[in-house]
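**Student:** here are the coordinates; sequence isn't available:
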């Protein structure tokens, strides 16, 4: 007790700090979800473009080679290169990263859904500062585990996609919570 009053300010300050830490982690998780989805979609488009180009070159080379339009060794080499590209497509970083991002995206989305539910309980005052801090720690740990499990080859930062992800997350929180966070 301080000057005849219960020492309720300290627990309230601790709870507010814990809520703020959880909120910031929640915002970052939403940004990560948006970023991973956008990056995954970009890689999928690039992989499709490469597949279409490879098919066009392969068919064109095969047709030219069969028609005997000259340079049979060149066209034969193009066909062989196309077949090699087809055979190794699952081991090149682009394909591996896209597969990793698909799994990571699903994991992050599930984590976000659970974190949003927890946030509602936090906002209702269901937890004290210690419990909020424990849940914040658990959220960070689960996010880290998801990243280390699914992104063994890492994920480069694309500034344009990151800005779009931040904007999408801000719009989400503005729509659902009436606030525009500063991630």
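**Tutor:** Done, it's in. Quantities reported herein were computed from a predicted structural model and do not represent experimental measurements.

**Student:** contacts and neighbour counts: CA atoms only from here.
**Tutor:** Fine.

**Student:** once you drop chain neighbours, what's closest to the residue nearest the centre of the chain?
**Tutor:** When the chain is reduced to its mean C-alpha position, the nearest residue by CA atoms, centre = their mean turns out to be residue 36, at 2.1 Å. In space, and not counting its chain neighbours, residue 36 is closest to residue 105: 6.0 Å by CA to CA, 6 or more residues apart in numbering.

**Student:** show me where pLDDT drops low in this protein?
**Tutor:** The model of the chain has pLDDT under 70 over residues 1-11, 49-76, 78-79, 82-83, 85-92, 182-183.

**Student:** helices of that one, start to end?
**Tutor:** 9-67, 72-88, 93-123, 129-150, 159-177 (DSSP state H).

**Student:** what's the third one packed up against?
**Tutor:** The helices and strands touching helix 93-123, judged by 3 or more CA pairs under 8 Å, 6 or more residues apart in numbering; DSSP states H and E, are helix 9-67, helix 129-150.

**Student:** out of those helices, nearest to residue 160?
**Tutor:** Proximity to residue 160, assessed across the helices and strands packed on helix 93-123 by CA to CA, is greatest for helix 9-67 (9.9 Å).

**Student:** which residues sit in contact with residue 181?
**Tutor:** 27, 170, 173-174 (CA atoms under 8 Å, 6 or more residues apart in numbering).

**Student:** distance check, it against residue 31.
**Tutor:** Counting by CA to CA, to the nearest Å, the gap between residue 181 and residue 31 amounts to 11 Å.

**Student:** residue 119 too?
**Tutor:** Separation of residue 119 from residue 31 (CA to CA) stands at 16 Å.

**Student:** more neighbours: these two, which one.
**Tutor:** Using other CA atoms under 10 Å as the criterion, residue 119 and residue 31 rank with residue 31 on top: 23 against 19.
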